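In: got a predicted structure plus its sequence, pasted below:
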Amino acid sequence: MSVLPVYDTDTAEIARRLDRLPDVVAELAAAAAQHDLDGSYPIEGIAAVHRAGLLTATVATRYGGPGAGVSDAVTILRELGRGDPSVALIVALTLITHGVQARSGRWPDPLYRRLLDAVDDRPPLVNELRVEPELGTPSRGGLPATVARRTEAGWLLSGRKIYSTGSDGLRWMLVFAATEDGETGTFVVDGDSPGISIERTWDHLGLRASASHDVIFADTPVPADSVLELGGASGSVRASGHQVWNNLGLAALYLGVAGAARDWFLTFLKERVPGSLGKPLATLPRFHAVVGEIEAGLLGADELLTSLAARADAGEELAPSRVGAAKLVANHAAIEAVERAVAAIGNPALTRHNPLQRHLRDVLCARVHFPQDDVILSMIGRETLGQ
């Protein structure tokens, strides 16, 4: 079986950073309920992730980072998802950006080093802003309404992006836009640039602290050399590199949510002693079967993601074609695990102060990230049919 190139990693440094994960997760978990309740931006949690060196873990060794691979990103995001999935999603988008650059060299070196060298008081968060009110996600086709106009100094960017996760704290915004000539490209925008405003539109059922608000650009200046893939070459890069990190990383995040729900469910069963029973619910065979179903589903999904991530890191050529199916399987397992716990407990599970209802709302968001189930299933069907 043919393989792709393998990249250097500083395993000792990666291990040191991963050792800090439990403390970071505990800090996130302690604040998650309040951030969910009021929809506030979890700045302290993101700062904790950054202090632990986890936010830049996937920066390649050639750029001074430890070069963590997909396997390490899966570990990081699964654990952060257990603490606060809103923080995990914001962090995931930065980890994915660095991971793709490490493997594909999508960015020109001078521009990427500018991103790494930016120094201010904020964690260096990055996200791609692609979705628009009329267009939806460009991954399903169509040209963006966001327009970049040429000037003598570079570009002026105008338009609106929706579902812009992490908007309140983004250091860099990678904005998908069209030029006046009809070409498309990704414009690298400094978050401190003039002409940027945030409209606080995010009021969703789950991931309420992810700050996925609308970002509006009004003649926002972009330097001439701060454009990626001008002319529409981004498709192949996103397919071959981005989707491996995106599908496995985000699926791991939601397995983390399901893991947190499972842990709460197990504690509830051990501690709940109904007066009519006189012993914990955990002693009843019917709950043994429910726990067994939950654990079997999560173990299988976790093994699938872990194995496939390791194969991708090893450069196995076939691995990228399997990540869509892995995402689908893992997301279904995560959602079903939380739903089973809720159904087993009944009314207490849906009480507003109960963490289980928050985990249920958060895990349902696994369904919204592209590629969605219909795209994945259609792709698998076509490949299976030889089309």
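Out: Yes, it's here.
In: helices of the stretch 151-300 of the chain, residue ranges please.
Out: In the stretch 151-300 of the chain, the segments counted as helices under DSSP state H, counting those that start in this stretch are 234-237, 243-271, 285-313.
In: can you give me every residue that contacts Asn247?
Out: By Cβ atoms under 8 Å, 6 or more residues apart in numbering, the contact list for Asn247 reads Val323, Gly324, Ala326, Lys327, Pro371. Just so you know, the C-beta spots here come from the backbone N, C-alpha and C atoms, and that holds for glycine as well.
In: model confidence at it, what's the number?
Out: Note on Asn247: pLDDT of 97.
In: hmm, back to that, between the contacts of Asn247, which sits nearest Ala177?
Out: Set against Ala177, the nearest of the contacts of Asn247 by Cβ to Cβ is Pro371 (22.2 Å).
In: buried ones in stretch 129-137?
Out: Leu129, Arg130, Val131, Glu132, Leu135, Thr137 (16 or more other Cβ atoms under 10 Å).
In: which ones are touching the second one?
Out: Listed by Cβ under 8 Å, 6+ apart, the contact partners of Arg130 are Thr137, Pro138, Ser139, Pro144, Lys161, Phe176.
In: need the contact list for the nearest residue to Leu18 once chain neighbours are set aside.
Out: Nearest non-adjacent residue to Leu18, counting by Cβ to Cβ, 6 or more residues apart in numbering: Thr75, 6.5 Å away. Neighbour list for Thr75: Leu18, Leu21, Ala252 [criterion: Cβ under 8 Å, 6+ apart].
In: is Thr75 in a helix, a strand, or coil?
Out: Secondary structure for Thr75, judged by DSSP: H, G, I helix; E, B strand; the rest coil, is helix.
In: so how far is Ala31 from it?
Out: 22 Å (Cβ to Cβ, to the nearest Å).
In: now do Gly241
Out: Distance, Gly241 to Ala31, by Cβ to Cβ: 33 Å.
In: same check, this time on Ser321
Out: Counting by Cβ to Cβ, the gap from Ser321 to Ala31 is 39 Å.
In: neighbour count: the two, which is higher?
Out: Ala31 (18 against 13; other Cβ atoms under 10 Å).
In: in a helix, that's where the more buried one is, yeah?
Out: Yes. With three-state DSSP as the criterion, Ala31 is assigned to a helix.
In: excluding its backbone neighbours, what's nearest it?
Out: Counting by Cβ to Cβ, 6+ apart, Ala31 lies nearest to Gly45, which is 6.1 Å off, once chain neighbours are set aside.
In: so the one you found versus Arg78, what's the distance?
Out: Taking Cβ to Cβ as the measure, Gly45 falls 16 Å from Arg78.
In: and for Ile198?
Out: Ile198 sits at a distance of 30 Å from Arg78 (criterion: Cβ to Cβ).
In: those two - which one has more neighbours?
Out: Legend: neighbour count by other Cβ under 10 Å for Ile198 and Arg78, higher for Arg78 (26 against 15).
In: is it fair to say the more buried one lies in a helix?
Out: Yes. Assessed by three-state DSSP, Arg78 belongs to a helix.
In: residues in contact with it?
Out: Contacts of Arg78 (Cβ under 8 Å, 6+ apart): Ala252, Leu253, Leu255, Gly256, Gly259, Asp302.
In: strands along the stretch 1-150 of the chain, start to end?
Out: 125-129, 147-150 (DSSP state E, counting those that start in this stretch).
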